[in-house]
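Colleague: The following block contains a protein sequence and its predicted model.
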Amino acid sequence: MYSFMGGGLFCAGVGNILLIISTATDYWMQYRHSSSYMHQGLWRYCVPGKCMTHTDSIAYWDATRAFMILSLLACFIGIVIGIMAFIHYSSFDGFDKTFAAGILFFISCFFVLLAMAVYTGVTVNYYGKRYGSWRFSWSYIMGWVAVVLTFFSGIFFMCAYRMHECPRNSNTR
């Protein structure tokens, strides 16, 4: 049980760090415009030598930002509850902390998956037609890696919950 929770906490910790980096950095997409490379993130876009804040409130950026922030919050709260389950913190005995942490990691995975799907769909449809030379960059890739890590965190915590709820009978032959 503890190995599953430890693995889940490790994946969730790395996933949360990747979510923070992915959300905060400006390398979701790179493209070539007027013979110079530009890049953009969720908060800013950068031309050679200068970065500017997105001033337009475009729905897909707002949706992607909101889902990424909700994912960060769910993952962070899941980590806190997962640590409480790992160390057998006695407060809040009314609910199973292992199960709650697993559900929060799945919720985090769902939110980051929504964010990545919204961003991918709009970017491919808009930039794919407008610019010939563009590509997704490392911040975007970190977001997809965070999807996988938060999903496996949920799996690990659900396995730990299952082991705790259904202990093996030691008298089996």
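Modeller: Received it, and whenever you're ready, just let me know what you need.
Colleague: hmm, who's touching the lowest-mean-pLDDT helix or strand in the chain?
Modeller: The weakest-scoring helix or strand in the chain, judged by mean pLDDT, DSSP states H and E, is strand 29-33 (a mean of 81). Contacts with strand 29-33, where a contact means C-beta atoms under 8 Å, 6 or more residues apart in numbering, come from 37-40, 123, 127, 131-137, 140. (Each C-beta comes from the backbone N, C-alpha and C, glycine too.)
Colleague: Same check on stretch 133-140?
Modeller: With contact meaning C-beta under 8 Å, 6+ apart, stretch 133-140 is reached by 21-22, 25-32, 39, 41, 116, 119-120, 123, 127-128.
Colleague: Try it again at 10 Å.
Modeller: The contact list for stretch 133-140, computed with C-beta atoms under 10 Å, 6 or more residues apart in numbering, reads 18, 21-33, 37-42, 116, 119-120, 123-124, 127-128, 143-144.
Colleague: Can you turn the buried part of the contacts of strand 29-33 into a PyMOL selection?
Modeller: The buried subset of these, as determined by 16 or more other C-beta atoms under 10 Å, is captured in PyMOL by this line:
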select buried, resi 38+39+40+123+127+134+136+137+140
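Colleague: so how far is the top helix by length along the chain off the chain centroid?
Modeller: When the chain is scanned for its longest helix (criterion: DSSP state H), the result is helix 97-130. How far helix 97-130 lies from its chain's middle: 7 Å, per C-alpha atoms, centre = their mean, to the nearest Å.
Colleague: same thing with stretch 152-168?
Modeller: Distance, centroid of stretch 152-168 to centroid of chain: 21 Å (C-alpha atoms, centre = their mean).
Colleague: got the CA coordinates for it in CSV?
Modeller: Only the C-alpha atoms of stretch 152-168 are listed here, as CSV (Å, rounded to 0.1, in the frame of the first residue of the first chain):
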residue,chain,number,x,y,z
PHE,A,152,-0.8,7.5,-13.0
SER,A,153,-1.0,9.3,-9.6
GLY,A,154,-4.7,8.6,-9.5
ILE,A,155,-4.1,5.0,-10.5
PHE,A,156,-1.5,4.5,-7.8
PHE,A,157,-3.7,6.0,-5.1
MET,A,158,-6.7,3.9,-6.2
CYS,A,159,-4.6,0.8,-6.1
ALA,A,160,-3.5,1.8,-2.5
TYR,A,161,-7.1,2.4,-1.6
ARG,A,162,-8.1,-1.0,-3.0
MET,A,163,-5.4,-2.8,-1.1
HIS,A,164,-6.4,-1.0,2.1
GLU,A,165,-10.1,-1.7,1.6
CYS,A,166,-9.7,-5.4,0.6
PRO,A,167,-6.8,-6.8,2.6
ARG,A,168,-5.7,-10.3,1.6
